[in-house]
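A.B. asks: Let's see this in three dimensions:
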Amino acid sequence: MKSENSDGRPIVAAVAATVMVLVSGAAFHTLAARVRDSMTSLPIAPEVLEGFPMQIGDWTGQNVPLDETIVEKIDADAHINRQYSRHNGRESVVFYLAYGSTWEMMYHRPEVCYPGNGWTLVDRSAMDLQVHNGMNLQCSIFRFSRSELETREVVVLYYCLADGRTYSNISLLRSRVWGALAAVDHFAQVQIVASSRGALPPDAMIDIVSDFAIESASSIAELFVDAAKDRHSDEERARASAVSEGKESD
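C.D. replies: Alright, predicted model coming up:
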């Protein structure tokens, strides 16, 4: 069953709320300090993500610029914030992706930022989605509500990536780093948000964000493979330049 979801403004506002609040949890600050030295890769340039496709299956995207204050707070090397629609705009999501080489990005999580902006957590569950290329996408589904003149609800599909592997929440990635002190080449967070002022039932919103997650997963994975190659090439050039300068000084 297809449901109306044509008003993109609540979705955009919901994504903005997700990234507005800085979180200063001691555990995450300790983690960031512990692994910061292991993340030696060069930051990626913002334009690296510009190649992410505007057309993904039946979904057509358009950029939704974030306020500069928000961009500063998310502390990402690069990010994408777009609205994707299908079926003549009857279904739409906001897709937010932040990519970087610093762990401060991990402070911006739906379970922290939405309640911090007046939303009530209604439900949270883990979900495994099977992508067409055989990839198993581990993610979390959040439902939030807020009562104003009428009750609004949003569904947020969230997952994070480290070196091409997906994690449904930060705690799983944190356990990996605490246990092995593993060097992480890149870190990213993905949020896919559907919003409704009562026109969409929760199950329909979950179906919509899940569909987009499945259809976009391969493009995201390919994007990070290419970004990693570019970063490593930059590092090789930087090392070669340093060696050359050292020889010249001798």
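
A.B. asks: Check the spacing between residue 65 and residue 56 real quick.
C.D. replies: Applying C-beta to C-beta, to the nearest Å, the value for residue 65 to residue 56 is 20 Å. (Glycine included, C-beta is placed from N, CA and C.)

A.B. asks: measure residue 92 to residue 48 for me?
C.D. replies: On the measure of C-beta to C-beta, residue 92 and residue 48 end up 26 Å apart.

A.B. asks: Mind checking which of residue 65 and residue 56 has more residues around it?
C.D. replies: More crowded of residue 65 and residue 56, by other C-beta atoms under 10 Å: residue 56, with 19 against 10.

A.B. asks: and that one, what does it touch?
C.D. replies: By C-beta atoms under 8 Å, 6 or more residues apart in numbering, the contact list for residue 56 reads 84, 212, 215-216, 219.

A.B. asks: Show me which of residue 92 and residue 48 is the more surrounded one.
C.D. replies: residue 92 (23 against 18).

A.B. asks: Give me the pLDDT value at the more buried one.
C.D. replies: Looking at residue 92, its pLDDT reads 94.

A.B. asks: Bridged to it, which residues?
C.D. replies: residue 85 (DSSP bridges).

A.B. asks: Let me know the distance separating it from residue 111.
C.D. replies: Going from residue 92 to residue 111 by C-beta to C-beta gives 24 Å.

A.B. asks: What of residue 130?
C.D. replies: On the measure of C-beta to C-beta, residue 130 and residue 111 end up 25 Å apart.

A.B. asks: before we move on, what about residue 145?
C.D. replies: Counting by C-beta to C-beta, the gap from residue 145 to residue 111 is 14 Å.

A.B. asks: Could you single out the nearest of the contacts of residue 56 to residue 138?
C.D. replies: residue 216 (15.1 Å; C-beta to C-beta).

A.B. asks: if I pick the closest one, what's in contact with it?
C.D. replies: 56, 59, 95, 192.

A.B. asks: Residue 86 too?
C.D. replies: Counting by C-beta under 8 Å, 6+ apart, residue 86 has contacts 57-60, 92.

A.B. asks: Just the buried residues of the residues you listed.
C.D. replies: Among those, the ones that count as buried by 16 or more other C-beta atoms under 10 Å are 59, 92.

A.B. asks: Among the contacts of residue 86, which lie within strands?
C.D. replies: Using DSSP state E, the members of these that fall within strands are 59-60, 92.

A.B. asks: With distance to residue 117 added, can I get these in TSV?
C.D. replies: What follows is the ones in strands among the contacts of residue 86, written out as TSV (distance: C-beta to C-beta, whole Å):
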residue	distance to residue 117
59	27
60	29
92	21
